[in-house]
Structure formats: C-alpha cells, structure tokens
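K.L.:
my questions concern the predicted model and sequence given below.
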Amino acid sequence: MVQMRLTKYNDYLKLSYILLLGALYTLPVWGQRPERRDDETLRKEKAQEYYYQGVLAQLSSKTMEAYDLLRHAYSLDPTDPAIAFMLGGNYAQQGMSARALPLLEQAYATDSTNRTYARALSTAYIEADRMHDALRVNERLSEADPEDDDVRYRLVQLYARTGELRKGIQMATALQKRFRSIPEAYGQLTKLKIQLIALTKDKKAIAEEYRTWAELYPEDRRTYYDWILYLLQEGEVKEAEKQVLKDVRSGRLSESEACVLKVHRLIIQKDFAEAEAQLARLSPDKKIPVGEKLALWLRLNEESKGSEGYHMDRVLDHIRELVRLYPEDLPLLKSYAQALRYIERYQEAYDILLPQSKLHPSEGWIWDELLNASIGLSSDSLTTKTAQDALPHLTTDWRIYIILAGDLFRQDKVQGAIDILEQGVKAIDPKVGEGAARVYSLLADLYAERGGVGHDGRADSLYLQAIEANPQDAEALNNYAYRLAKSGQDLESAERYAGQALKISPNESYILDTYAYILLLKKNYTLAKLYQRRALSATEPDKISPDMYDHMGDIYLGLGEYTEAIEAWTQALSAHKAKGSSADTLREIEKKITEAKKAQKTK
C-alpha cells in the first residue's frame, strides 16, 4: 500500500534504535590482559558508552536525558556517523530542525548506503523546504531499490514540487499500473497525477484520467461524481449532462443520484435558491445516504457565504429537518451539534446532546461534544459537572483531569486535586503531546508548591515527564528551571531549561524573570539586570509580582547600586503587603532595606 504522507523522523529512528543497539562493542574477557590504548581510542570507547546509554534513554522516551548523553558522545567522537545520526534525530524530536539537519547530513555523507540515514535526511530536507536536495536523496534510494513503492510515491510528490512534471507523470503512471487492483491506492495516485497534469493545462488528459478512474471502479459513486463535477467546474455542462442522462437510461445512475449531481451543478453555477429547493426535496429521499445530503447542505452553506439571504441559520433549519427525519443517525446529530458550536450556539448544542448521553452513554463523542459546549458556555460549574459525568466515558481525555483538579484547587482541596491528577497521569492517552504535558506540569506544580519536602523527587520527575511529552511547553521548562534554581540543585541545567523556554516565548515576563534570577544566582549581575528590566517592562504595573521587584533589588545589590536596590525592595514590600504575605516575608525584605542603607552610608 502506498503511504500518503511524508514519513517523520520517528518512523526511522525507532527502527534505527534497535538496529544500532546490535552493534554493542565487546568488552575484554575476564583474565585477558587488555591491550594498551592511546587517548583517541579511549575517547572513542567513552563516546560509545555515552552513545549506547543515550540510545537506551531514547528508547525509554527520555528525550532530554538522551540529549545530554548523545551530546557528550558527539563531543568525544564527532566523526562517528551513528552518534551524529542519533543526536540529529534527538534534535529533530525537540523541534530543533536547524540543528538536526547538519548532523543528519554528516551521517549520510559518511555512509550513504545506510537507508535509515537517507530516509531521515530526506524528511529533514522536505521540512526545511530543500526539495531538490530531498529529490537527489530519494533518486539514489530508488536506484538502490527500484521496487520500493514508498520511495517512488515520494518521488512523484517531489517531482511535482520541483517542477519536473514529465518525470512525475511518468512515475505516477507506472505506479497506477501496479495498484489497479487496490482502489484506494489507485485513487490517491490518480488524484496526484491529475494535479500534475493540471499544471500542464492539458484538460483533455485530465478528463481522460477521471473517465478511466470512474470506468475502472463502476461501483464507486464518489469517483463517478468527481468526474462529472470536474466537467461542471470546467464549464463542460452539456458534456456532463449528456453523460448523466446516458447513465440514467442505462441504469448506472438512479434519478435520485442524478438529482444529487444537479444540486452540485446549481451550486457551481451559484443558483443557490434552486439548489436549496432541489436539496429540500431530496432530503426525505431514503435512497441517498443521509451523510451525503448533509455534505450537500454544508457545501451550500459554504459556497453561498456572502450571498443575500443566505447564512448558517438558514441552512441549519434544513439540517434540523434531517435530524427530525433521521433521529437515530448519530453521525448526523454530531455534525449538527458541531455546526451549532461553530456559530457559538453552545446552549442549543448542549441541550440536544444531553438526552443522547443518557440513551447512548458509551458513545464517547457525545461526552466530548457536551464538554466542548460547556466550555463554550464559560460556566465553571456546568463544565465541572459535565467533566464529572463524562469521566467514566472519557477516561483518557486529559482535559477532564485538568478541569476537575482546577475545581478542587479553587476549593482549597489540594490533596483532592493531586489525587485526580495522579489518576489522570495513569489514564491519559496519548502520554505525549500538549495535553499530557499540561497534566504532568500541573501536578508537578502542586507537589512543588504544596506537596512538602517528601515529594521533591516526584515533582522533579513530573517536570521531566512534562518536558519529554512536549519539549515546546515553555511553562513546564520555566517552572522546572525555577525549581532547580530555588533549590540550588543545578544552575547549569536551570539556565539551559530557562533558555529553552525563553526561545519559545521570548516576551513572557515570568520566563524573563526566571532567566534573570538564574543569572543573579550565577552572579552575572550585568546580564541579569538586562533581563530583569525586560521582565518588568513586559508586565503591567498592577500585575508585577513582589518576587520580580525582590529579584531586581538583589541584582542592584550585586552591582553595588544601593539606591536602586532600596527602591526595588521598597516596591517589593508594598506588593507583598497588598498581597497579604506573611510577617516573616515582610521582615526579610525590611532587613534587606536596612542593611542596604547601612552599606550605602559606609560606601
């Protein structure tokens, strides 16, 4: 079967992890005297140790741990193509394509016979919009294995994107012959081939492709419709109607199917009133699938936008009639509810779905739509109630756990919020991506802030899981960096995580504040001052936290600028008082001000 997408790095990396592990070096036999080795040999062996540990970490989905290990391996032996490839793949998984590409190129240049290297590099070139380079790599892959249909299909796509239309059409034709017995694959190839032919403006050849496609699979109404619709869109109305009339007479098409095509024609010709009338008459016709009628109403709505008298409400009236005619058709009901949400009629969507949730409680999409509608209504109580009811039916949905934990936290039931999030950590699927990262990160925040000393390790582990799940989660990166900095555990790692967060969200005040705080702890006061000023200027005055002023004061103190330090701490003191901070916190700030004033006098 032809794959219809360009393969991502992971498709190759997962296989390569297993293959490359098979090359583990052999250690000396016990009792055997090891040979003397020079420094370069020792470096290479150490690089291999880091490399294999990195591969194992990658296999365990510990992307950041693997990153550190593979970086060490590469610094010790930058000539090893396997290390370069794995580090490049790790960069790619973190979304750092610019860093990944040179390493993947290096691995391929060292061993161009390695198909895993070649495919990963091809994908990297495509994502970097270097289509000619991707074409070169895939042509070599095809030369090495002319029967690899995935590579040949990718070549068709690349020929199209590099303007080599003739080669693309020729290869698509060859693949069509190979896949005539597989309708889906043949159809996808034909669509791509038609796109290529369209660029040559050969309308006759396009019509022939559609004709051949329709005649090859006479039972496929969609293929036949596509052919007739192409003729209509090209203005060949008489030719299309002639073909439809012929097929009605021969029995290939029913009168109802011919009416469907007539509605399509009327929409193309922008005769929306007649299209609506014909479609309204067609709605009760049981010979036409309800999904097809729904698709026509939605198309009429889309094409008639801006026309006088036509709006979503008008079309929704007809769709509501379909729902009345087909009350048991759940896909129709789903589309109707989604259409209501689209025009922000959340209450109606909620009301029509609520009874269905009792009739069909096992239908997960009903609960999903109810949750979406309740969120649209911006009612915390309704959203929480819906999430509670939906939990048994949407156990893998991360949103449920975030909503329920948020409600418990607002009630100051911190342990309850922790418990529901722990339940979510076990249940959510997938365990990667934005949603999973939010669950891990929120639970980590709760343990870090309210969990007590005994949960430090759990908080750290969850922050790392959040970053693994979504390396682009700036909030998780920032919060973990701040935690490391506050505990004094590892300022180098803290700076790295905060730096990653800053690259993702360069203007977020809380991230700028974290980065400045880490620089402060590293006694890089000049740079810390620059970032702290940016943090303060990026925040509305009434939203500046006491800690931001406090950090600014500490930075000024480090620079010996006592007047500015006292001013910043005075602002911190006012903000703490407004916030209702503890007496101990206020005394700590007051002590800083007093000591700074003494130092200022003796300066």
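P.N.:
Cool, the structure landed.
K.L.:
centre-most residue in this protein?
P.N.:
Among the residues of the chain, the one closest to the centroid is Gly433, at 6.6 Å (Cα atoms, centre = their mean).
K.L.:
can you pull the phi/psi pair for that residue?
P.N.:
Per-residue torsions, Gly433: phi 110, psi 180 (degrees, to the nearest 10).
K.L.:
and it, how far from Leu189?
P.N.:
Using Cβ to Cβ, to the nearest Å, Gly433 is found at 32 Å from Leu189. Heads up, the C-betas are built off the backbone N, CA and C, glycines and all.
K.L.:
also Tyr447?
P.N.:
Per Cβ to Cβ, Tyr447 is found 53 Å from Leu189.
K.L.:
need the contact list for the nearest residue to Ala436 once chain neighbours are set aside.
P.N.:
The shortest distance from Ala436 to any residue other than its chain neighbours is 4.2 Å, reached at Ala469 (Cβ to Cβ, 6 or more residues apart in numbering). Contacts for Ala469 were tallied using Cβ atoms under 8 Å, 6 or more residues apart in numbering; they are Lys431, Val432, Gly433, Ala436, Ala437, Tyr440.
K.L.:
quick one: secondary structure of the first one?
P.N.:
Under the three-state scheme (DSSP: H, G, I helix; E, B strand; the rest coil), the conformation of Lys431 reads as coil.
K.L.:
equivalent analysis for the last one, please.
P.N.:
Put simply, Tyr440 is helix when judged by three-state DSSP.
K.L.:
hmm, back to that, the more surrounded of Tyr447 and Leu189?
P.N.:
Neighbours per residue (other Cβ atoms under 10 Å) separate Tyr447 from Leu189, with Leu189 holding more: 27 against 24.
K.L.:
chain center to whichever strand or helix holds the more buried one: distance?
P.N.:
Assigned by DSSP states H and E, Leu189 belongs to helix 183-200. Averaging C-alpha positions (Cα atoms, centre = their mean, to the nearest Å) puts helix 183-200 28 Å from its chain's average.
K.L.:
run the chain-centre distance for whatever helix or strand comes next after that helix.
P.N.:
On the C-terminal side of helix 183-200, the closest following helix or strand by DSSP H and E is helix 203-216. Chain-centre distance of helix 203-216: 37 Å, with Cα atoms, centre = their mean.
K.L.:
now do helix 203-216 against helix 183-200, angle only.
P.N.:
Here helix 203-216 runs at an angle of 170 degrees relative to helix 183-200 (axes from the mean of the first three to the mean of the last three Cα atoms, to 10 degrees).
K.L.:
give the buried residues for helix 203-216.
P.N.:
Of the residues in helix 203-216, Ile206, Ala207, Glu209, Tyr210, Trp213, Ala214 count as buried by neighbour count, 16 or more other Cβ atoms under 10 Å.
K.L.:
over to stretch 266-280?
P.N.:
For stretch 266-280, a neighbour-count test (16+ other Cβ under 10 Å) marks Leu266, Ile267, Ile268, Phe272, Ala275, Glu276, Gln278, Leu279 as buried.
K.L.:
can you tell me the SS state at the closest residue to the first one other than its chain neighbours?
P.N.:
Pointing back at Leu266 there. Here the nearest residue to Leu266 in space, its sequence neighbours aside, is Ala275; by Cβ to Cβ, 6+ apart that works out to 3.7 Å. Following three-state DSSP, the label given to Ala275 is helix.
K.L.:
look up how far Gln269 lies from Ala275.
P.N.:
Distance, Ala275 to Gln269, by Cβ to Cβ: 9 Å.
K.L.:
same deal with Asp39?
P.N.:
80 Å.
K.L.:
related to what we said a few turns ago, list the contacts for the residue nearest to the centre of the chain?
P.N.:
Counted by Cβ under 8 Å, 6+ apart, Gly433 has contacts Ala469, Asn470.
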